[in-house]
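Novice: the following block contains a protein sequence and its predicted model.
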Amino acid sequence: MHRRDTDNVVLELPSTAMSLPAWRAAIAESVVTLDIREEGDRPFRGHLLRSVVDDVGLFQLVTTPHTVRRTSALITADDARFYKMSLQLSGRAILEQDGRRAVLNPGDLAVYDTHRPYTLHLPELSQSMVMIIPQELVELIPEELSAVTAIRFPGDHGFGRMINPFFVELGRNLDQLSGTYATRLVRSALDLMVTMLSQALHERQGHAGSPALALGRQIREYILRNLSDETMTPASIAAAHFISLRHLYTIFSEEGATVSAWIRTRRLKLIRRDLADPVYADRPVSWVAGRWGLQDPAHFSRLFRAEFGESPSAYRRAQLAQAVEAAS
C-alpha cells in the first residue's frame, strides 16, 4: 500500500487497485480511448470510484505517477464528445491543451475537451475528481470554450474560492452521491462550472475577443434567461439586440441550427430535466412544460416524443422510479 500525505490528506491505494492494462480498459470503456503510460520505475496502480448521474460521469481517482495523452490519432469523427473538468484533491497535475499549460495543485481545477488533443501529466501519487460532461449539456459553443481550456482556476482566490470547495466536497463524497437528490447536486455542479467558464470568457473577450462570438454568446444568454416567456420570437430577440432578423439568422446558421430550433431544444432539455426532479413530482406535466414556455400540452407532447422517443409521462415515471430504486 502506497501512502503520501498531501494537503493533510493521506492517500491510500488498496490491494484491489488496478494494473495499467486494466486501468486503460476501464477508462476506455467509461470515457474515451487514451494513451496512458506509467512514469518512473514504479509499476502503475490506480483506484477508481465512479458514479453516473443525469448523463454526467463523476470519477474519483487515486493513481501513481503516469501520463495521459489524447492524440489526434485516437480521435475520430464518430467519438462521443465530452468536456472534462479535473479537480486536484491531492498531489499535482499538469494539463496541456490548445497551446496552454496549467499546473494544478490541490484545490485547483481546469477544463478540457476530449475531441481535441491534450496531455495530462501526474508526476506523483495523486487524487483527483473528474467530471465527464456530454458536450450538449454545456451552453457554450466549442469555439468559445476552446479559449478557456487548460486554464488553472485556483481554489485559493478569485471566483474559485466560492466554487471550488463545492467540487472538492463532491469529489471526496462520491460514494454518497445517490438517491433522489443526486441529480440536483450534479446539476448545481454543472451550473457552477458553466458560470465559472462564462466569467472567464467575459474577461478574455473583454480584452481580445471576437465581437461576433461575443454577440452570439450575449444573444444565447438572453434566450436562456427568457425561455419561460412564450411570446419570445426571433423577431423580438433581434429587436432586443438592435440587429436585423437576417443578422440573427446568420449568427445561428454558423452554428448549424435555426434560432427556433435552438430555443426549442433548450426548452425540451430543461423540461426533461425537471420531469426527473423529485421536487416537481407532484406537479402536472403540463405545468412543467408551461414554466419553460410551452403552453400547449398536445404540441409539447409531440415535440417531446419526437426529440426523446417517448412521451413525457413515460419518461417521468421511469426516471422517478429509478431515483427511488437508487435510494433504497
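Specialist: Perfect, I can see it now. Residues are numbered from 1 along each chain as shown.
Novice: tell me the bridge partners for the spatially most central residue of the chain.
Specialist: Centroid-nearest residue in the chain: residue 133, 3.4 Å away (criterion: C-alpha atoms, centre = their mean). When bridges are called by DSSP bridges, residue 133 pairs up with residue 83.
Novice: tell me the pLDDT at it?
Specialist: As predicted, residue 133 sits at a pLDDT of 92.
Novice: contact partners for it?
Specialist: 56, 57, 82, 83, 84, 85, 190, 193 (C-beta atoms under 8 Å, 6 or more residues apart in numbering). (Each C-beta comes from the backbone N, C-alpha and C, glycine too.)
Novice: can you tell me how far the residue nearest to residue 244 when sequence neighbours are not counted is from residue 232?
Specialist: Computed as C-beta to C-beta, 6 or more residues apart in numbering, the closest residue to residue 244 that is not its neighbour in sequence is residue 238, at 6.3 Å. Distance of residue 238 to residue 232, given as C-beta to C-beta, to the nearest Å: 11 Å.
Novice: go on, residue 201?
Specialist: 24 Å.
Novice: more neighbours: the two, which one.
Specialist: residue 201 (19 against 16; other C-beta atoms under 10 Å).
Novice: can you tell me the element the more buried one falls in?
Specialist: Under the criterion of DSSP states H and E, residue 201 resides in helix 182-208.
Novice: immediately after that helix, which helix or strand?
Specialist: helix 211-225.
Novice: tilt between that following helix and helix 182-208?
Specialist: 150 degrees (axes from the mean of the first three to the mean of the last three C-alpha atoms, to 10 degrees).
Novice: state the number of residues packed around residue 183.
Specialist: Neighbours around residue 183, by other C-beta under 10 Å: 21.
Novice: what's the burial count for the residue nearest to it when sequence neighbours are not counted?
Specialist: Closest residue to residue 183 apart from its sequence neighbours, by C-beta to C-beta, 6+ apart: residue 54 at 4.8 Å. Using other C-beta under 10 Å, residue 54 is surrounded by 18 other residues.
Novice: make sure the residue nearest to residue 244 is actually in contact with residue 248.
Specialist: Yes - applying C-beta atoms under 8 Å as the test, residue 238 and residue 248 come out as touching, 4.4 Å apart.
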